[in-house]
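In: missing the sequence, but the structure's below:
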């Protein structure tokens, strides 16, 4: 607003100074100060000044070199001594222009010379800046309204954009928190093909793998528990058979103890197999492929399960191939 006002003021100053120079040149040409007593020429000059004042929208004063007002288009200060800075400067430097903010006016002065090129007076033009102030104020009000509306629109757009950005992140964060609590069945609902959809799809794939790993772990624990429970149950039954019977022959003692020892070896092999699986999962152990006798494996399993089956009156029959 300050720059706009300075631009309008500068343009007004140039035009007013140009008008002051033209009027001063005409007065010099008419040799006004040498014909002050000529009433006819004085009336013609007054009419010309009134006409220029009306067309230009400014007030015209003519002063001599003693700062006495000889002519005033407002007819209010004729004969008054006017100590105007611009006039005093013009009497020395020919031209002067200035802004009087307190009066909201612009003053422009130009020197008047006689036929001997001597400065004998000055012409002073005064024009109001009220229209400039009104225009700048109107622009300022409109600019304030436009700025306010733009700020509101931008604020709404920022809120909407932030919601579009933050809501998917909140959704992802909520799913992550639920999964951290052990709820591995959680998935992110994705729409479109933007970065959030890509992130959601990648997260869902990771969740699928985690859920699969968790399922495999549960199955593994179940299988290991079964593998450990079977030999322990067999040893318990064999030991109870010895303890609860009296007069057990030595051969039966030896057979049962041999079976218990076999079950202990089996437990040791299970533990060794578990350690081997851990190393295999960590990539520290390779596979060892060798032939295995299925008949021998089935016979070994039958021998271990027979005591458990006998407790529940179950008969185990194997057809060897």
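Out: Here it is on my side, so go on. These figures come from a predicted structure and were not determined experimentally.
In: Low-confidence regions, the stretch 51-200 of the chain specifically.
Out: Applying pLDDT under 70 to the stretch 51-200 of the chain flags the ranges 192.
In: Show me where it has its strands.
Out: 59-64, 69-72, 95-100, 105-113, 119-128 (DSSP state E, counting those that start in this stretch).
In: Which one of those lies nearest to residue 215?
Out: With Cβ to Cβ as the measure, strand 95-100 is the member of these nearest residue 215 (86.7 Å). All C-beta spots, glycine's among them, are computed from the backbone N, C-alpha and C.
In: packing partners for the helix or strand encompassing residue 214?
Out: Per DSSP states H and E, residue 214 falls inside helix 195-244. With contacts taken as 3 or more Cβ pairs under 8 Å, 6 or more residues apart in numbering; DSSP states H and E, helix 195-244 sits against helix 130-180, helix 250-281, helix 294-311.
In: same thing but at 6 Å, please
Out: Applying 3 or more Cβ pairs under 6 Å, 6 or more residues apart in numbering; DSSP states H and E, one finds that helix 195-244 contacts helix 250-281, helix 294-311.
In: Residue 43 is nearest to which of the strands of the stretch 51-200 of the chain?
Out: Closest among the strands of the stretch 51-200 of the chain, using Cβ to Cβ: strand 69-72, at 11.1 Å.
In: Does anything pack onto that closest one? Which helices or strands?
Out: Using 3+ Cβ pairs under 6 Å, 6+ apart, the elements in contact with strand 69-72 are strand 59-64.
In: For the strand it packs on, report the contacting residues that lie outside it.
Out: Under the contact criterion Cβ atoms under 6 Å, 6 or more residues apart in numbering, strand 59-64 has outside partners 49, 53, 69-74, 87, 121-126.
In: Now restrict those to buried residues only.
Out: With burial judged by 16 or more other Cβ atoms under 10 Å, the buried subset of the contacts of strand 59-64 is 49, 53, 69, 71-73, 87, 121-126.
In: JSON lines for those, including distance to residue 180?
Out: Below are the buried ones among the contacts of strand 59-64 laid out as JSON lines (distance: Cβ to Cβ, whole Å):
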{"residue": "49", "distance to residue 180": "92"}
{"residue": "53", "distance to residue 180": "87"}
{"residue": "69", "distance to residue 180": "92"}
{"residue": "71", "distance to residue 180": "95"}
{"residue": "72", "distance to residue 180": "91"}
{"residue": "73", "distance to residue 180": "89"}
{"residue": "87", "distance to residue 180": "87"}
{"residue": "121", "distance to residue 180": "95"}
{"residue": "122", "distance to residue 180": "90"}
{"residue": "123", "distance to residue 180": "89"}
{"residue": "124", "distance to residue 180": "86"}
{"residue": "125", "distance to residue 180": "83"}
{"residue": "126", "distance to residue 180": "81"}
